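Chemist: need a structure here:
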Amino acid sequence: MSDLPVGQYELPAFPRFGLNQFAARFPREPDRLAIELTGDVENRLTISREWEALPRVEQCSDFHCVTTWSTRGLRWAGVRFREFYERIVLPLARPEAAAAFVIFRGQDGYGVSLPLGDLLADDVLLADELNGQPLTIEHGAPLRLVAPAHYGYKNPKHLRAIGFWRDGREYRPAAFRLMDHPRARVALEERGRVLPGWLLRFLYRPLVGPTIRRFRAELVRHRAAEAGSGK
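Modeler: Alright, predicted model coming up:
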């Protein structure tokens, strides 16, 4: 089992977690895998069955939340982002050569960015399974990004669109900009902008327990509402 990065502690369970404003937001179509390709591209289109042509992979990797908790040994399955980019994005959407600013948008309204170069690493997946089971709404159904070298807020859930842009003119971070590092690499403790990562540990850690409880409570309410509506 891998060692924990600096500033992290282990949570055995993998909780539903995020910014508080997303606690009561859920995907509208958790069973429909369809991704819009947009941005500075020649063709804007929505893909669905194209996934079936991509080779599937499985990997075991840790998840590191920026608020200092980690869950180790998660088993993800899906397709490599690099394969998706080379075999679907390039030939079908045909992005401009300089379109290396990638924006992900989720069905819950969340949006986040990463540089294309980081996304082409071998361990970056578009995942639809976790621990041998299809993703549930807790962890990103129908599809999520898994980028183990980056803090969890750069691993968006419930994906509905991926944009390839020349720059960040279309990007508005979900949180305050100082909380959104351009790369958020765990090994370099890039927790945010301006303030050093070690200092942000002390600001973030007291939020962990209350955030877990809020997200858990909203999930219970959501499931009760779905049961009441017969879904």
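Chemist: Would you mind writing the CA trace of stretch 168-177 as CSV?
Modeler: What follows is stretch 168-177, C-alpha atoms only, in CSV (Å, rounded to 0.1, in the frame of the first residue of the first chain):
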residue,chain,number,x,y,z
GLY,A,168,-9.4,30.0,-19.8
ARG,A,169,-11.8,32.6,-21.1
GLU,A,170,-14.8,30.3,-20.6
TYR,A,171,-13.7,29.0,-17.2
ARG,A,172,-15.2,30.1,-13.9
PRO,A,173,-14.1,28.0,-10.9
ALA,A,174,-16.9,26.5,-8.7
ALA,A,175,-15.1,27.9,-5.6
PHE,A,176,-13.2,31.1,-4.9
ARG,A,177,-10.4,31.4,-7.4
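Chemist: And the contacts of the longest strand along the chain?
Modeler: For the chain, the strand that runs over the most residues, judged by DSSP state E, is strand 69-80. Applying CB atoms under 8 Å, 6 or more residues apart in numbering, the external contacts of strand 69-80 come out as 1-2, 4-5, 8-14, 51, 54-64, 122, 124-132, 143, 146, 208. To be clear about C-beta, it is placed using only N, CA and C from the backbone, and glycine gets the same treatment.
Chemist: mind listing what's buried in the longest helix anywhere in the chain?
Modeler: Assignment by DSSP state H gives helix 208-229 as the longest helix of the chain. Buried residues in helix 208-229, counted by 16 or more other CB atoms under 10 Å: 208, 211, 212, 214, 215, 218, 219.
Chemist: Not counting sequence-adjacent ones, nearest residue to the fifth one?
Modeler: Just to be clear, that refers to residue 215. residue 16 (4.5 Å; CB to CB, 6 or more residues apart in numbering).
Chemist: Which neighbouring elements make contact with the lowest-mean-pLDDT helix or strand in the chain?
Modeler: In the chain, no helix or strand scores lower on mean pLDDT, DSSP states H and E than helix 208-229, which sits at a mean of 93. Packing partners of helix 208-229 (3 or more CB pairs under 8 Å, 6 or more residues apart in numbering; DSSP states H and E): none among the helices and strands.
Chemist: would you put the C-alpha positions of the longest helix of the chain in PDB?
Modeler: Output of helix 208-229 as PDB, limited to C-alpha atoms (Å, rounded to 0.1, in the frame of the first residue of the first chain):
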ATOM      1  CA  VAL A 208     -14.200  17.600   6.900                       C
ATOM      2  CA  GLY A 209     -16.600  16.200   9.500                       C
ATOM      3  CA  PRO A 210     -19.400  18.700   8.900                       C
ATOM      4  CA  THR A 211     -19.100  18.300   5.100                       C
ATOM      5  CA  ILE A 212     -19.300  14.500   5.300                       C
ATOM      6  CA  ARG A 213     -22.400  14.700   7.500                       C
ATOM      7  CA  ARG A 214     -24.100  17.300   5.200                       C
ATOM      8  CA  PHE A 215     -23.400  15.300   2.000                       C
ATOM      9  CA  ARG A 216     -24.600  12.100   3.700                       C
ATOM     10  CA  ALA A 217     -27.900  13.800   4.900                       C
ATOM     11  CA  GLU A 218     -28.600  15.200   1.500                       C
ATOM     12  CA  LEU A 219     -28.100  11.800  -0.100                       C
ATOM     13  CA  VAL A 220     -30.600  10.200   2.300                       C
ATOM     14  CA  ARG A 221     -33.100  12.900   1.400                       C
ATOM     15  CA  HIS A 222     -32.500  12.400  -2.300                       C
ATOM     16  CA  ARG A 223     -33.000   8.700  -2.000                       C
ATOM     17  CA  ALA A 224     -36.200   9.100   0.000                       C
ATOM     18  CA  ALA A 225     -37.600  11.600  -2.600                       C
ATOM     19  CA  GLU A 226     -36.800   9.100  -5.400                       C
ATOM     20  CA  ALA A 227     -38.400   6.300  -3.500                       C
ATOM     21  CA  GLY A 228     -41.500   8.400  -2.900                       C
ATOM     22  CA  SER A 229     -41.700   9.300  -6.600                       C
END
